[in-house]
Structures are given as C-alpha cells and as structure tokens.
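*Asks:* One predicted model, sequence on top.
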Amino acid sequence: MKIIKLTTLVKKILRSHGLNNKDATISANALINAELVGAPSHGLSRLKMYCDRIKHKLINPRPKIKIKKISPSISHIDANNSIGFVAADLAIKTAIKNAKKTGIGLVAVKNSGHYGLSGYYAEKAVKKNLMVMVFTNAPPAVAPHGALKSLFGTNPICFGTPTGSKIPFILDTSISMINRGKIRVAAREGKKIPKGVALDKFGKPTTDPKKALEGVQLPIAGFRGSGLAWMVDILSGVFTGGNHGGKVKDPFTDFSGPQNIGHLFFVMKPNLFVGNNYNKRIKENIKIIKKLPRIKGVKEILYPGQNKYDKYKKNLKKEIIIKKNIMEDLKKLNNF
Ligand SMILES: NC(=O)c1ccc[n+]([C@@H]2O[C@H](COP(=O)([O-])OP(=O)(O)OC[C@H]3O[C@@H](n4cnc5c(N)ncnc54)[C@H](O)[C@@H]3O)[C@@H](O)[C@H]2O)c1
C-alpha cells in the first residue's frame, strides 16, 4: 500500500479509538517509520495491541499529560497512561528545547507505554545537531545473569550523534540476543528462531519461538548484557518513577493494568567541550575506523544507523508490503 494511504488509514483507526488528530498523527508516523526502517516487529503488527489496550482502558486516548519543570535543563513528565508515542514525542521535544537553551536537556517520563523504536526519537535530536541518549524499560523477557526467570525487558540502549554528514550515527540496540518482536513474528509465522538466543521454561536452549516466549530470552554478552539491562531498568524505571524490577506489564498478554513504563531522554550540545571542532573530530573519528583493513566479504565498515538509513531511503520510494494477517487486523480495526 502507498505510504500516504497507509498513514491515513492508521490515523483514521487511531482516531476512531479516541485519539485526537495530533496524537493519531504522531502515533501513525512512528508506526510507519518502523516499517520503513525495516523494523516491522515495531510497526503495524502492534497496532491491534495498542487498540486493544485502549478498549480495555489501559491506554488513555485523551491523556492529561503534566510537565514539571525542575530546572531550565531538567523536566519530569507524567504521561497519564498515554500511548507511548505521544509521551516520547513530547519528551524528546522538551529535552531538545532544554538542551538548546542550556547545553543539556534531561527529561524523565513516568506512566507511559510502549513507544516503539528508541532510534526514532534519537534521530529527532540529531537532526537538530544534538547528541542524545534514550532509555526505556520493557516487560520481562530476559533472565538476569544466573536466574531462571525473566525479569528485565529487552531494554534498548540508544545513543545518537551528528556525524557531519547526512547519515546520523544511531546505535539503537536491545540488550537481548534478538528483540522480542522478532520472536513474536516468528511464532506467528511458524518459523524457528536462531540457536543461542533463548531458553525454554525448563532452562533448556530452544529454537521454538513459542517455547522461547514461555521461557527466557538470553542477554547479549552474558553477565555484561545482564548488567546493561539492569542499568536501563534503573535509569528508566527506578529513576523516573516508572515501573521497574519486572513490574512492567506485557502489552500483548497482561490486561490487569496500565504498563507505567519509564523513559529517559538525555540531549547534549556536541560543542560543549571542543567548540565547533566537534564536527571535524567526529568526521575524523569515523574516517579512521572506516579505513581499517576489512574482513573478507565485508564491503564497507558501517557505523550504527547507516544500515537503517539506507533501508529507509530505499523503502521511501516503494509501497509498504502488508502481510495477510496484518491486513486482516487493519480491516477489522477500521470497522471498529
Ligand atoms: N520500546 C521497547 O520496549 C523496545 C524494546 C526492545 C527493542 N526496541 C527497539 O527495537 C529495535 C531493534 O533492536 P535490535 O536490537 O533488534 O536492533 P538491531 O540488532 O537491528 O541493530 C542494533 C544496532 O546495530 C547497528 N547495526 C546493525 N548492523 C550493523 C552493521 N553491519 N555494522 C554496524 N552497525 C550495525 C544498527 O544500526 C543498530 O544501531 C530498536 O530500534 C529498539 O529501540 C524497543
């Protein structure tokens, strides 16, 4: 389907579920962007879930979001159970505004929901020539090192910086071997997941996505990844006032209450310490790394974000291919 037509349809669906035009546009754009950067697990496949949570009154389609200004640099947002996209959009805009004024913008969000891709928000800061770090916690999926029970989310870590070229550096990575959305998609499509990414509920390695969803996902790099997941839970949950310690509810399966996810947005002016030399320095840094001798078969050493930028540019020229089951969801939601 053409991008414009699909965006209009998603907006219409969200409006029919109670969102105002502005919030429906913010949310539709974020969902379509996920499709365009090649992350369909965070795109249209989640629309039904958001709508289901609105129907169960667990996402508030007309939230009264409060922003508390703590200092010219620091703000605290209570998202009032808004759809995560809306809270995150406001938070990154506030962090950008604070950073432009003072050099640093730190914004914490509580009472939010799943907001999709961290990199989407990081990009907004980088486009304004700012550096950024974004953290969010997520429902239990990953076992802390040594535990046989999931507690940490796939808690993505995201860092972005301008590069002096049009392609931003955006490292945006889950702390799990693969992200949970990919396991859900494999389960729906009856496909296997790779070896070494999950254990079943008895602690045995599995390639069956359904067993993996009942069991635990493994963190990247053993105890180091477990430590990073814990750090994200502290920064986005303990620090912000959001849920933490395994209390974030699974948006697909747990309708016992709102998610109360926490997010943290930290935006910085890149010229704080080296003045206008930053551009020259970052270009030099990337050039040194890109010039390194390469392993056989590697055409180019990419920096994080380059692959997604390329996909986005290519996909922008094409129609979005919608899988049959997602198309059925869209049709049903459109008749809501
Ligand atoms: N909201 C949530 O609760 C939640 C939870 C988990 C993940 N997510 C999102 O899911 C998305 C996908 O996460 P993921 O871990 O599957 O990402 P991924 O494995 O696709 O990519 C991770 C990072 O590696 C970079 N990369 C990929 N190939 C590369 C290469 N050849 N050379 C250099 N860098 C390369 C990417 O640009 C990216 O920055 C992220 O956007 C994340 O924010 C969201």
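*Replies:* Received the coordinates, thanks. Residues are numbered from 1 along each chain as shown.

*Asks:* ok, now which ones touch the closest residue to residue 113 other than its chain neighbours?
*Replies:* What sits nearest to residue 113 in space, not counting adjacent residues and going by C-beta to C-beta, 6 or more residues apart in numbering, is residue 84, at 4.0 Å. Every residue, glycine included, has its C-beta placed from N, CA and C. By C-beta atoms under 8 Å, 6 or more residues apart in numbering, the contact set of residue 84 is 112-116, 261, 263.

*Asks:* again, but for residue 157
*Replies:* Applying C-beta under 8 Å, 6+ apart, the residues near residue 157 are 118, 135, 171-173, 175, 228, 232.

*Asks:* got it, and residue 233?
*Replies:* 137, 152-153, 155, 244-245.

*Asks:* Need the max-distance pair from the residues you listed.
*Replies:* Spanning the widest gap among the contacts of residue 233 are 155 and 245, at 12.5 Å by C-beta to C-beta.

*Asks:* the more surrounded of the two?
*Replies:* residue 155 (27 against 14; other C-beta atoms under 10 Å).

*Asks:* The more buried one in helix, strand or coil?
*Replies:* Following DSSP: H, G, I helix; E, B strand; the rest coil, the label given to residue 155 is coil.

*Asks:* How many residues are close by residue 325?
*Replies:* By other C-beta under 10 Å, 12 other residues sit near residue 325.

*Asks:* do you know how far it is from the ligand?
*Replies:* 20 Å (C-beta to the nearest ligand atom, to the nearest Å).

*Asks:* and residue 8, what element?
*Replies:* helix 3-16 (DSSP states H and E).

*Asks:* got the CA positions of that helix in CSV?
*Replies:* Only the C-alpha atoms of helix 3-16 are listed here, as CSV (Å, rounded to 0.1, in the frame of the first residue of the first chain):
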residue,chain,number,x,y,z
ILE,A,3,2.8,5.2,2.4
ILE,A,4,0.4,8.2,2.4
LYS,A,5,-2.7,5.9,2.1
LEU,A,6,-1.4,3.6,4.9
THR,A,7,-0.6,6.6,7.2
THR,A,8,-4.1,8.0,6.6
LEU,A,9,-5.7,4.6,7.4
VAL,A,10,-3.6,4.1,10.6
LYS,A,11,-4.5,7.7,11.7
LYS,A,12,-8.2,7.0,11.0
ILE,A,13,-8.1,3.8,13.1
LEU,A,14,-6.4,5.6,16.0
ARG,A,15,-8.9,8.5,15.8
SER,A,16,-11.8,6.0,15.8
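
*Asks:* what about the next helix or strand after it and the ligand, touching?
*Replies:* Sequence order places helix 21-36 as the next helix or strand after helix 3-16, per DSSP H and E. No: if you take C-beta under 6 Å from any ligand atom as the test, helix 21-36 misses the ligand, and the best it gets is 8.0 Å.

*Asks:* For the stretch 51-200 of the chain, what lies in contact range of the ligand?
*Replies:* Counting by C-beta under 6 Å from any ligand atom, the stretch 51-200 of the chain comes close to the ligand at 114-119, 136, 138, 153-154, 156, 158, 170-174, 179.

*Asks:* in which helix or strand would I find residue 301?
*Replies:* With DSSP H and E as criterion, residue 301 is part of no helix or strand.

*Asks:* Name the nearest residue to it, sequence neighbours excluded.
*Replies:* residue 290 (5.1 Å).

*Asks:* so who does the one you found touch?
*Replies:* By C-beta under 8 Å, 6+ apart, the contact list for residue 290 reads 300-301, 303.

*Asks:* all helices for the stretch 201-336 of the chain, in order.
*Replies:* Per DSSP state H, counting those that start in this stretch, the stretch 201-336 of the chain carries helices over the ranges 209-214, 223-233, 277-290, 306-316, 324-334.

*Asks:* Would you mind telling me which of those is nearest residue 23?
*Replies:* Closest to residue 23 of these, according to C-beta to C-beta: helix 324-334, at 16.4 Å.
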